[in-house]
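Asker: no FASTA, just this:
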């Protein structure tokens, strides 16, 4: 909460007419790199989802028992991944308006990092949930194949997404935070505010 206040205060100190801010090459570069990274996220997740859908659809019909359920869950899971990737790609197609300010760009950058961290927390929950399903298979012999197959799939998918979200968070932070500090430290008038946000 306090961090958001400081970021907002910093962007207000830098406020100038929107056209003057949006004309700054540093701001344009910061925005373009964020949008390009979001496109890469969508394409990577979409490609992963399509591969899983193709393999899972074929394999589910050619296997039996636990393995069939594993591939079925991969298909179900990656239909959702494909929807998320598609929505992200559609969102990244919107060009930022000519009046995007430093404050807008900083808020979007910080928001993206928070989304990736939140998703990483969910991914841990998926892995734990998958392990729980596998554990339940021991007490439910009538559903053991299904529980083990679904559990293995959810653990695998959650593990992939955890790595995906953490790697992208690190990339966003390493590249974007440096640009963010430059934007906030030197406004168009030469005055700015820098506050290290971790």
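Answerer: In hand now; what should we look at? Everything numeric here is computed off the predicted structure, so don't read it as measured data. Numbering: from 1, shown residues only.

Asker: element containing the spatially most central residue of the chain?
Answerer: By Cα atoms, centre = their mean, the mean C-alpha position of the chain lies nearest to residue 116, the distance being 4.2 Å. For residue 116, the host element (DSSP states H and E) is helix 102-136.

Asker: Give the other helices and strands that the next helix or strand after that helix contacts.
Answerer: Note on helix 102-136: by DSSP H and E, the next helix or strand toward the C-terminus is helix 144-171. Other helices and strands packing on helix 144-171, by 3 or more Cβ pairs under 8 Å, 6 or more residues apart in numbering; DSSP states H and E, are helix 25-62, helix 65-93, helix 102-136. The C-beta positions use only the backbone N, C-alpha and C, and glycine is treated the same way.

Asker: among these, which is nearest residue 159?
Answerer: Proximity to residue 159 (Cβ to Cβ) singles out helix 102-136 among the helices and strands packed on helix 144-171, at 5.8 Å.

Asker: picking up where we left off before, tell me the pLDDT at the nearest residue to the residue nearest to the centre of the chain once chain neighbours are set aside?
Answerer: Spatial nearest neighbour of residue 116, excluding adjacent residues (Cβ to Cβ, 6 or more residues apart in numbering): residue 169 at 4.1 Å. For residue 169, the pLDDT comes out at 95.

Asker: Can we start the residue count at 40 from this point?
Answerer: Got it, the first residue is 40 from now on, which makes the last one we talked about residue 208.

Asker: Contacts only, for residue 208.
Answerer: Residues counted as contacts of residue 208 (Cβ atoms under 8 Å, 6 or more residues apart in numbering) are 152, 155-156, 159.

Asker: cool, and residue 210?
Answerer: Applying Cβ under 8 Å, 6+ apart to residue 210 gives the contacts residue 76.
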